[in-house]
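**Q** take this sequence and fold it.
(one chain, ligands or ions: 1)
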Amino acid sequence: MSALILDGKALAAQSEQQLGERVEKLKTLSGGKIPILATILVGDDPASATYVKMKGNACRRVGMESLAVEMPSSTTTEQLLARINELNANPDVHGILLQHPVPEQIDERACFDAISLAKDVDGVTCLGYGRMAMGEKAYGCATPKGIMRLLEHYNIELEGKHAVVVGRSAILGKPMAAMLLEANATVTTCHSRTRQLEQHIKQADIVVGAVGRPEFIKGDWIKDGAVVVDAGYHPGGVGDIELSAITERVSAYTPVPGGVGPMTINTLIMQTVESGEHAIAGPN
Ligand code: NAP
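**A** Below is the predicted model of the structure:
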């Protein structure tokens, strides 16, 4: 059996073209206004700096602007909260991205939750998460929402399927499980205290790897015909799942790289365009 490749890179490129058209239309209708994403980078972690740069570049590819806010590693919670509040109050800013992780002296949860719901285009607030989990309107957390868009694009059936999510972080595992539940999958969430992890994964129709350890989920834990989503990306171009062992016998999988990663950035940009459209042109 040859598996379907869930090509996030191609879908993100296709989506960028449509987003570029939406930005252009908004600009024309509003006499030159475009959506703006504020990106906040605290400290000097090189990986975080790269992610923020990639997000800024994606903004420009669709004709949007990004407002890059950089703060030193000595920043306090109060200073970051003050900056977020300024951006909340700035009518020219339509989305706010606070790059995770922030330096350890900062209360990251308090800072995420300070982002106003209307500008929470990365889907990181408790309020947005709660609304999403209750089936109410909110911007989805970018990585799991990107995964849902990818599954939807390839018509992967979720209803009634058993999805096993490995990982329960606030930005990935937990919202992923809630989104799959909203899509009527039967969901098991596993984590570091889960017993007999392998047995849970062996029952999965859909496996989502969000562990943060290279090839931690072994190929022989995954049943034939499963749909495999790998959110990890590690040096050497491997993810959290031993993909090389299963590409011939699963029904679909996300490649690493080129699967989940491009969809995360694209979802952030898409939600910023949506927020910009609401703020500039009004809800329709
Ligand atoms: P994280 O915050 O470190 O969370 C890792 C999760 O894995 C935790 O819930 C942890 O359980 C669980 N875990 C750790 N060891 C385990 C074990 N032995 N058995 C079962 N579960 C275990 O990581 P994250 O931010 O969610 O990221 C997860 C992965 O996704 C990483 O590879 C990251 O690079 C990737 N990621 C990719 C994107 C993208 O855009 N492509 C975005 C975000 C993250 P506990 O809760 O019990 O500690």
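**Q** now residue 78. Its backbone dihedrals?
**A** Per-residue torsions, residue 78: phi -60, psi -40 (degrees, to the nearest 10).
**Q** revised request: answer the last question for residue 235.
**A** phi -50, psi 140.
**Q** quick one: contacts for it?
**A** residue 214 (CB atoms under 8 Å, 6 or more residues apart in numbering). Where C-beta positions appear, they are placed from N, C-alpha and C, glycine not excepted.
**Q** state the distance from it to residue 215.
**A** 12 Å (CB to CB, to the nearest Å).
**Q** what of residue 191?
**A** 18 Å.
**Q** more neighbours: those two, which one.
**A** With neighbours defined as other CB atoms under 10 Å, residue 191 and residue 215 compare such that residue 215 has more, 21 against 14.
**Q** that one touches residue 239, doesn't it?
**A** Yes: with contact defined as CB atoms under 8 Å, residue 215 reaches residue 239; the gap is 7.3 Å.
**Q** just the pLDDT for residue 282.
**A** Looking at residue 282, its pLDDT reads 85.
**Q** list phi and psi for it.
**A** The phi and psi values for residue 282, taken as degrees, to the nearest 10, are phi 90, psi 160.
**Q** now residue 209
**A** phi -90, psi 110.
**Q** quick one: low-confidence parts of the stretch 151-284 of the chain?
**A** Within the stretch 151-284 of the chain, the ranges that satisfy pLDDT under 70 run 284.
**Q** which residues in it form strands?
**A** 162-166, 186-190, 206-209, 227-230, 252-253 (DSSP state E, counting those that start in this stretch).
**Q** winner for burial among these?
**A** strand 206-209 (a mean of 28; mean count of other CB atoms under 10 Å).
**Q** other SSEs contacting it?
**A** Packing partners of strand 206-209 (3 or more CB pairs under 8 Å, 6 or more residues apart in numbering; DSSP states H and E): strand 162-166, helix 173-182, strand 227-230.
**Q** and it, how far from the chain's centre?
**A** 15 Å (CA atoms, centre = their mean, to the nearest Å).
**Q** direction included, what does that strand pair against?
**A** Pairing partners of strand 206-209, with direction, according to DSSP bridges: strand 162-166 (parallel), strand 227-230 (parallel).
**Q** how far does the first one sit from the chain's center?
**A** Computed by CA atoms, centre = their mean, the chain-centroid distance of strand 162-166 equals 17 Å.
**Q** one more: the last one?
**A** Taking the mean of its C-alpha atoms, strand 227-230 sits 15 Å from the chain's own mean (CA atoms, centre = their mean).
**Q** for residue 252, give me its contacts.
**A** 3-6, 154, 156, 227-228.
**Q** quick one: buried residues of stretch 100-108?
**A** For stretch 100-108, the buried set under the neighbour-count rule, 16 or more other CB atoms under 10 Å, comprises 100, 102-103, 106-108.
**Q** likewise stretch 27-38?
**A** Within stretch 27-38, the residues scored as buried using 16+ other CB under 10 Å are 27, 34-38.
**Q** shaky segments in the stretch 1-150 of the chain?
**A** Scanning the stretch 1-150 of the chain for pLDDT under 70 picks out the ranges 1.
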